[in-house]
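Asker: I would like to see how this sequence folds:
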Amino acid sequence: MADLELLRADHAPAVLDFEIVNRAWFARSIGDRGDDYFDHFADHHAELLADQGAGHRACYLLVEDGVVLGRFNLLLLGDGVAELGYRVAASSAGRGVAT
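Answerer: Below is the predicted model of the structure:
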């Protein structure tokens with residue numbers, strides 16, 4: 001069974017693996033993050049955690065047996081408003097994990 005987990009520092013290897021494994025899938029549907037993202041992944045992950053700690057974001061992973069099936073991020077805009085961004089692994093597409 002998959003669990004929704006608040007993003008943590010120790011998720012970094014699983015998130016990077018998720019992004020690498022699904023890079024071509026994402027590039028076809030929502031655009032490629034570019035090499036800079038992968039070259040500086042640790043910095044990007046730390047920035048998300050810092051934003052989350054400051055109350056600017058809420059970042060979640062859908063994880064099953066240590067494998068990330070999806071990422072779900074809320075950019076907290078204030079006044080109870082948030083912008084949702086998400087990515088779902090190719091292997092999980094069409095299974096309702098984002099509903």
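Asker: and the longest helix along the chain, average pLDDT?
Answerer: The longest helix of the chain (DSSP state H) is helix 41-53. For helix 41-53, the mean per-residue pLDDT is 97.
Asker: list the helices and strands that helix packs on?
Answerer: Judged by 3 or more C-beta pairs under 8 Å, 6 or more residues apart in numbering; DSSP states H and E, helix 41-53 is in contact with helix 12-21, strand 57-64. From N, CA and C alone the C-beta is placed, and that goes for glycine too.
Asker: one more time with 6 Å
Answerer: For helix 41-53, the packing partners by 3 or more C-beta pairs under 6 Å, 6 or more residues apart in numbering; DSSP states H and E come out as strand 57-64.
Asker: State the phi and psi torsions of the most far-flung residue of the chain relative to its centre.
Answerer: Outermost residue of the chain with respect to the C-alpha centroid, by C-alpha atoms, centre = their mean, is Asp79; its distance is 23.9 Å. Dihedral pair for Asp79: phi 50, psi 30, per degrees, to the nearest 10.
Asker: Any figure for the gap between it and Asp51?
Answerer: 18 Å (C-beta to C-beta, to the nearest Å).
Asker: No more questions from me, cheers.
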